[in-house]
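>>> curious how this folds, go ahead:
(chains A, B and C)
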Amino acid sequence: MNQRIPITEITGGFRGRAEVALADSQLRTNFRTAMDSLMQKRADAFPDEEEREGLREMGNQIKARALSKLPDLLEQLEARLTANGVKVHWAETTEEANRIVHSIIEARQGKLVVKGKSMVSEEMEMNDFLTERGIESLESDMGEYIVQLDHEKPSHIIMPAIHKNRYQVAKLFHDKLGVEETTDVDELIQIGRRTLRKKFLEADVGVSGVNFAIAETGTLLLVENEGNGRMSTTAPPVHIAVTGIEKVVENLRDVVPLLSLLTRSALGQPITTYVNMISGPRKADELDGPEEVHLVLLDAGRSGAFADAQLRQTLNCIRCGACMNHCPVYTRVGGHTYGEVYPGPIGKIVTPHMVGLKKVPDHPSASSLCGACGEVCPVKIPIPELLQRLREENVKSPDEHPAVRDGGAKYSPKERAIWRVWQTLNTRPGLYRSFLWAATRFRALAPKNVGPWTENHTAPVPAKRSLHDLARDHLKREGQQ
Amino acid sequence: MSARDTILNKLRAGLAGTSPRPDAFDENLVTRPWQYAPEDRLQRLRTLMEAVRTEVHEVTAADWPAQVQALLDARGLTNLLHAPGTAHGRQLADHWQAASARQTLLAYDRPIEEWKDELFWNVEASVTGTLGAIAATGSLILWPDRHEPRLMSLLPPLHIALLKASKIEDNLYTVMQKHRWADGMPTNALLVSGPSKTADIEQVLAYGAHGPKELVVLVLTDA
Amino acid sequence: MSELFYDAAPNATRVAPPRPQPRQYPDKPAEVILFGTCVVDLFFPEAGLDAIRLLEREGIRVQFPQAQSCCGQPAWTSGYVEEAKAVARAQLELLDTGLPVVVPSGSCAGMFRQHYREVFADEPDTLRRVDDLAERTYELTEFLLHVCKVQWADQGQPTKVALHTSCSARREMNTHLHARELLATLNNVERVDHDHESECCGFGGTFSVRMPEVSGAMVLDKTRSLAGSGADEMVTADGGCLMNINGSLDKQRTPFRGRHLASFLWERVAGSASTEGRP
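Residues are numbered from 1 along each chain as shown, chains lettered A, B, ... in the order given. Below you'll find the model as predicted:
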């Protein structure tokens, strides 16, 4: 069962990886089952349409307002956090962020890091960076732990190990941890609990992400169900939070609707088990909590998206994963096919800013634009519209100055020429009718093989007569009556 | 130029010629759907918390320590962590002595560094207070402090939380406004809505991932 | 079963209300323009003709401007904005007559109603005409239901159909609601649900040739669910989906087939399929 090559290592880009994923029936079943269930849970969590739509609109407004004063809010956040005793760091690149994290650990001569779930740390590939420098960096979210143990990457931003079933986890734990093989999920979780509790105890540093950074009070808000986030931010003597610069919101009350949108959209829960609000390190008379708290604010392409008013909407994202749960493409190919940290529809619109379109040239086109993502997005990111825009940037020639990093990755004079012909055909009525005439008249000569289309279909055969012809005759006849 | 300045400059350039969006926060959206008659709040809280495997018991301000004892006895537990610096901690200790309870009463009265191992592995249960609860989402509000540290509600497999019935509020927004949270947040503020859980394997719900496997709420109906 | 993504759940039981909001409908006009769409023009012309007949049956004169071609969607969704704009402009000028425009395809109607605003976003002067066209544009089932307020007597034998509505038709035109309601007026037609009804069939215009692997998996699932629904045939108001679904069924040599809703409706109300224009 585990003989297959990890999908992240397959080259050939999105399409190559998709082909392998599509042929993996176990993977397909795992995703289909999970996504169906997550869709149902979300639907059940929003029984009232009006309430949901009102909340989504407010969610959008809150994020748009925060972005409309982002630099001021970041400064306010920094000032409040600093006043609360939190050290704030800024990083333009993931490399810089890693160096900051490393230097904080170095200063404490730290050897073991435990991590709560953080997609930004995935972006940074922090585990690899620290491991290369002799520091053990361990994921503590059960899903992340499973994925790390198998040297994989998360395949979903909320459910990192959703591509695996219990039998695969059972074998993994047996192989890697030397425990007796069990397929009982409770037992598997207890194995994880015991293994990781030891690590929480010994860890020198805890790393976490941030769901919302509140400028008004200088508070980092984290949501989770397992308690590993609280562990990572409470038990070790140092806590380092890493987050993207777009996570800041203006006021404490702003998190009320966002929190509700986040947990209901992600998992269909009214709230997560823990909502953990951290506003500073341990005070002198307190008996636990970290002595140092750091926040690393990461740009890594976000300011690039921010520069364009339309693409800026990408930064509304609160990382709920609802777009991928509802995506017919994601459901079939799984997260690893995207080849980058953020999969699914949100991955398609956020990744190009982070790594450049040259690295993910197929991202904008890997969508049927069905629109499911945009309609479930809790903060109303118009994902299909942004995909269309990215396609536009993707086919621009260099001298058209694409607005996205490494834009023009799919620039092709040949394809452009084909669309020019299409344009000519569709703007010259006489020519268009001649084309119809020829296509219907010579329909027997229509090619049986029309490239990729005929992989899945028989070739379409033009009708005997076009609607132009039929309608003209019909209306003429009707007119005579 | 520092990373900070570079980032802020880029963002400011992106905003050139624009003005900040107005604050159109509509509190009705986060309050109106989440309002309950005072007598219904407890039932709402109970329903939601029981749905995530939390035990909710109605007790009185006088008899709750006995209930705690009964809970521990029923589970055959051998020790209990309490907060000696709090009023409820003292009430518990008094009862423990008077009733000659079997379980060893442990006190969180020294920095974690001094007894981390014991705290991580040997403590079986804890009792903490709460600031109140939220009916809308079935959540307890905890503001840990020097008397009742953060890990008390996290490390022991059984967490028993005391909740005064009069402190159950409708929704998070109301709580924040009423208690003026924005004026000053503590080191750590928590909403706890059940025992620790995960659905990371096949979406099968399993309790006791990293935090408490069991959460018991004792609602003090006369407080 | 819900068909709007808003309530997207694999097989939800609620039907979502219209979104975008319900529009105001005018009284039945004396004359309309039919915009045939390029796919119907070349591959399903009989459906276009049936649409004309259905309209004429309601006492409406139909114009079919011979200068029409394509709404511009293929280039627009491929990122070729200038090319899309040129083609869109040609249609915009052609259709600038004040007459209602009826389109037998939800996604093309949605292009007029929703996306021309994006296409011409940088041309304030053109936007006035864009809005005017948007106001006058109706997807066929919407027009029959809400403007013609059709009262049909079903002439056909009892049959079961599965309804597939294109994603953009649902999202932009509420076609799922209109098509459903029209089918419900036919006494001998039973509409059956199919698994994952609201899920995309995988067409997505050029997506089907740019990503044939994924698109192929999607259409395979869709055709299996349609064929397994217990329906006698599938009906749809969108030429693109129809071409995708039927092309796949044909490749699989599955006898189950889809048909354009206009042809199906004409057959039900006229008592027999017209032979005019059929292969």
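>>> give me the neighbour count for the residue in the stretch 151-300 of chain A that chain B sits nearest to.
Residue nearest to chain B within the stretch 151-300 of chain A: A:Gly227 (2.8 Å; CB to the nearest CB). Glycine gets a C-beta too; all of them are placed from N, C-alpha and C. Using other CB atoms under 10 Å in any protein chain shown as the criterion, A:Gly227 is surrounded by 29 other residues.
>>> next: C:Gln155.
14.
>>> report the longest helix in chain B, please.
Of all segments of type helix in chain B, defined using DSSP state H, the longest is helix B:38-51.
>>> check whether that one comes near chain A.
Yes - contact of helix B:38-51 with chain A (CB under 8 Å from any CB of the partner chain) involves B:Leu48.
>>> what's that helix in contact with?
Applying CB atoms under 8 Å, 6 or more residues apart in numbering or on different chains, the contact partners of helix B:38-51 are A:270, B:36, B:56, B:58, B:133-138, B:165, B:168-170, B:193-194, B:215, B:217, B:219.
>>> likewise for stretch C:239-251?
Around stretch C:239-251, the neighbours that count as contacts under CB under 8 Å, 6+ apart are A:453-454, A:456-460, C:37, C:39-40, C:43-44, C:47, C:104-105, C:107, C:164, C:166, C:201-203, C:205, C:208, C:216, C:219-220, C:222-223, C:226-227, C:234, C:236, C:256-260.
>>> before we move on, what about stretch B:78-86?
The set of residues that contact stretch B:78-86 without belonging to it, under CB under 8 Å, 6+ apart, is B:68, B:72, B:89-90, B:92-93, B:96, B:102-109, B:119, B:122-129, B:146-149, B:152, B:156.
>>> what's the neighbour count on the residue in chain B positioned nearest to chain C?
Residue nearest to chain C within chain B (CB to the nearest CB): B:Gln203, separated by 14.0 Å. Here the count is done by other CB under 10 Å, and B:Gln203 has 17 residues near it.
>>> quick check: phi and psi at it.
B:Gln203 adopts backbone torsions of phi 60, psi 20, taken as degrees, to the nearest 10.
>>> sorry, back to before: alpha carbons of the longest helix of chain B, as PDB, please.
Taking C-alpha atoms only, helix B:38-51 is exported to PDB below (Å, rounded to 0.1, in the frame of the first residue of the first chain):
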ATOM      1  CA  PRO B  38     -31.600  34.100  31.200                       C
ATOM      2  CA  GLU B  39     -33.300  30.900  32.200                       C
ATOM      3  CA  ASP B  40     -32.400  29.300  28.800                       C
ATOM      4  CA  ARG B  41     -28.700  30.100  28.900                       C
ATOM      5  CA  LEU B  42     -27.700  27.100  31.000                       C
ATOM      6  CA  GLN B  43     -29.600  24.700  28.900                       C
ATOM      7  CA  ARG B  44     -28.000  26.100  25.700                       C
ATOM      8  CA  LEU B  45     -24.600  25.800  27.200                       C
ATOM      9  CA  ARG B  46     -25.300  22.300  28.400                       C
ATOM     10  CA  THR B  47     -26.600  21.100  25.100                       C
ATOM     11  CA  LEU B  48     -23.500  22.400  23.200                       C
ATOM     12  CA  MET B  49     -21.000  21.200  25.700                       C
ATOM     13  CA  GLU B  50     -22.500  17.800  26.000                       C
ATOM     14  CA  ALA B  51     -22.400  17.500  22.300                       C
END
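>>> buried residues in that helix?
By neighbour count on 16 or more other CB atoms under 10 Å in any protein chain shown, the buried set for helix B:38-51 is B:Arg41, B:Leu42, B:Arg44, B:Leu45, B:Arg46, B:Leu48, B:Met49.
>>> and those as JSON lines, adding pLDDT and distance to A:Leu387?
What follows is the buried residues of helix B:38-51, written out as JSON lines (pLDDT from 0 to 100; distance: CB to CB, whole Å):
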{"residue": "B:Arg41", "pLDDT": "98", "distance to A:Leu387": "45"}
{"residue": "B:Leu42", "pLDDT": "98", "distance to A:Leu387": "48"}
{"residue": "B:Arg44", "pLDDT": "98", "distance to A:Leu387": "41"}
{"residue": "B:Leu45", "pLDDT": "98", "distance to A:Leu387": "43"}
{"residue": "B:Arg46", "pLDDT": "98", "distance to A:Leu387": "45"}
{"residue": "B:Leu48", "pLDDT": "98", "distance to A:Leu387": "38"}
{"residue": "B:Met49", "pLDDT": "98", "distance to A:Leu387": "41"}
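>>> nearest to C:Phe64 among these?
For these, the minimum distance to C:Phe64 (CB to CB) is 60.2 Å, reached by B:Leu48.
>>> coming back round to it: whichever helix or strand comes after the longest helix of chain B pairs with which strands?
Helices and strands here follow DSSP states H and E; after helix B:38-51, the next one along the chain is strand B:54-59. Paired strands of strand B:54-59, with direction, are strand B:214-220 (parallel) (DSSP bridges).
>>> show the average pLDDT along the strand it pairs with.
Per-residue pLDDT over strand B:214-220 has a mean of 98.
>>> next, the angle from it to helix B:38-51.
Between strand B:214-220 and helix B:38-51, the angle formed by their directions is 170 degrees, by axes from the mean of the first three to the mean of the last three CA atoms, to 10 degrees.
>>> kindly export strand B:214-220 (C-alpha atoms) in CSV.
As requested, the backbone C-alpha atoms of strand B:214-220 are provided in CSV (Å, rounded to 0.1, in the frame of the first residue of the first chain):
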residue,chain,number,x,y,z
GLU,B,214,-12.4,14.8,30.2
LEU,B,215,-14.0,18.2,31.0
VAL,B,216,-16.5,18.4,33.8
VAL,B,217,-18.4,21.7,34.4
LEU,B,218,-19.9,22.2,37.8
VAL,B,219,-22.5,24.8,37.6
LEU,B,220,-23.1,26.6,40.8
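>>> which residues sit against that strand?
The set of residues external to strand B:214-220 that reach it, using CB under 8 Å, 6+ apart, is B:42, B:49, B:53-61, B:64, B:67-68, B:71, B:133, B:140, B:157-165, B:192, B:194-195, B:207-208.
>>> so what's the closest residue to C:His115 other than its chain neighbours up against?
Excluding its sequence neighbours, the residue lying closest to C:His115 (CB to CB, 6 or more residues apart in numbering or on different chains) is C:Trp76, at 6.3 Å. Residues counted as contacts of C:Trp76 (CB under 8 Å, 6+ apart) are A:Gln388, C:Ala84, C:Ala88, C:Met111, C:His115, C:Val119.
>>> helix or strand for C:Trp76, which one?
Assigned by DSSP H and E, C:Trp76 falls in helix C:73-78.
>>> could you tell me how far that helix lies from the centre of the chain?
Centroid separation for helix C:73-78 versus its chain: 17 Å, with CA atoms, centre = their mean, to the nearest Å.
>>> next structured bit after that helix?
That would be, after helix C:73-78 and using DSSP H and E, helix C:81-94.
>>> by contact count, what packs against that next one?
Counting contacts by 3 or more CB pairs under 8 Å, 6 or more residues apart in numbering or on different chains; DSSP states H and E, helix C:81-94 packs against helix A:413-427, helix C:73-78, helix C:116-119, helix C:124-136.
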